[in-house]
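In: Based on what follows, work out the 3D shape:
(one chain, ligands or ions: 2)
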Amino acid sequence: MRAAAFLDRDGVLNDLVLDPASGVSESPLKVEDVRLMPGAAAAAGSLAQAGYVLVCVSNQPAAAKGKVSVAQLLAVHERVTELLANEGVTLEASRLCLHHADGVVPALSMPCAWRKPAPGMLLDAAAALGVDLRSSWMVGDTDADITAGRAAGCRTLLIRHPGSVHKRLHAVGPDVVADSLNAGVKQLGLQPSETLIVHGPRYGGFRQKVCHRARPDLNTDIC
Ligand SMILES: [Mg+2]
Ligand SMILES: [Zn+2]
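Out: Ligands and ions are numbered 1, 2, ... in the order given. Have a look, this model is predicted:
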């Protein structure tokens, strides 16, 4: 079985955006606000080169909260994949959970097994892609990311993005801590392991148990 690098998106692959109204850094909600973190594409490329399947797993509750449309969220995600592709990096799959228990849009306002800290996105992607969770890594910048990774049985890498410090209480015990994806991946001392053997069709079984295939062209599923 292959191993995956489950990558949170905002604060790991791309930068957060300061909301002047709240003074809090948030996920980018406009295509033109998307910027990759320095070194993030190269680091993701190193993970892929070491044999890890790159899977983006991201909570995206802004539509549930009535701030943007689902189409806008997907456009932002497309921009992230486009900027990565410009640097030669392809995400093999993405899972986005649009739900939030306290949203204002009824169709999206409910608890969800895909929303981190629950491990649903990781479990679903692992089953679809034939990934061994124990040899995989979950990388994220919040406690919810680390909790989800641990719940799925993965090793965990916490990225200390300054904009998300309020979402880290350091109580959830990541295996590795770093200030950027680039620094973190260097700490992992990547070596292709015998668990990273590609078998079967590259996208074998991908369509099973999909909540909603939002963008087949981006291999992006939402729920
Ligand atoms: Mg994040
Ligand atoms: Zn969901």
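
In: ok, now which ones touch the residue of the chain found nearest ligand 1?
Out: Here the chain gets closest to ligand 1 at one residue, residue 11, 3.6 Å apart by CB to the ion. Glycine gets a C-beta too; all of them are placed from N, C-alpha and C. Applying CB atoms under 8 Å, 6 or more residues apart in numbering, we find residue 11 in contact with 25, 37, 140-142, 159, 161, 163-164.

In: Please list the members of those residues that lie in strands.
Out: Judged by DSSP state E, these include 25, 140, 159 as members of strands.

In: out of those, which is most surrounded?
Out: residue 140 (32 neighbours; other CB atoms under 10 Å).

In: quick one: contacts for it?
Out: Residue 140 neighbours (CB under 8 Å, 6+ apart): 7-8, 11-12, 116, 146, 148-149, 156-159.

In: How far does the lengthiest helix in the chain sit from its chain's centre?
Out: For the chain, the longest helix by residue count, based on DSSP state H, is helix 70-86. Computed by CA atoms, centre = their mean, to the nearest Å, the chain-centroid distance of helix 70-86 equals 13 Å.

In: Same check on stretch 61-81?
Out: Relative to the chain's own centre, stretch 61-81 is displaced by 14 Å; criterion: CA atoms, centre = their mean.

In: Any chance you could list what contacts it?
Out: 9, 13-14, 26-31, 33-34, 36, 56, 58, 60, 90-91, 94, 96-100, 103-105, 108-109, 115, 214-215, 218, 220, 222.

In: Buried residues, that stretch. List them.
Out: For stretch 61-81, a neighbour-count test (16 or more other CB atoms under 10 Å) marks 61-64, 67-68, 70, 73-81 as buried.

In: And for stretch 11-31?
Out: Residues of stretch 11-31 classed as buried by neighbour count (16+ other CB under 10 Å): 11-17, 25-29.

In: In CSV: those, plus distance to ligand 2, pLDDT and secondary structure.
Out: Shown next, in CSV, are the buried residues of stretch 11-31 (distance: CB to the ion, whole Å; pLDDT from 0 to 100; DSSP: H, G, I helix; E, B strand; the rest coil):
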residue, distance to ligand 2, pLDDT, secondary structure
11, 19, 98, coil
12, 19, 98, coil
13, 20, 98, coil
14, 21, 98, strand
15, 24, 98, coil
16, 21, 98, coil
17, 23, 97, strand
25, 23, 95, strand
26, 19, 94, strand
27, 15, 97, coil
28, 20, 97, coil
29, 18, 96, coil
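
In: my guess is residue 43 meets residue 181, correct?
Out: Yes. Counting by CB atoms under 8 Å, residue 43 does reach residue 181; the two are 4.4 Å apart.

In: neighbour count winner among those two?
Out: Neighbours were counted for residue 43 and for residue 181 using other CB under 10 Å; residue 181 has more, 30 against 27.

In: so that one makes contact with residue 139?
Out: Yes. Applying CB under 8 Å, one finds residue 181 in contact with residue 139, separated by 6.5 Å.

In: TSV for the buried residues of stretch 11-31, including distance to residue 130?
Out: Output for the buried residues of stretch 11-31, formatted as TSV (distance: CB to CB, whole Å):
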residue	distance to residue 130
11	28
12	24
13	23
14	28
15	32
16	33
17	35
25	36
26	34
27	30
28	32
29	34
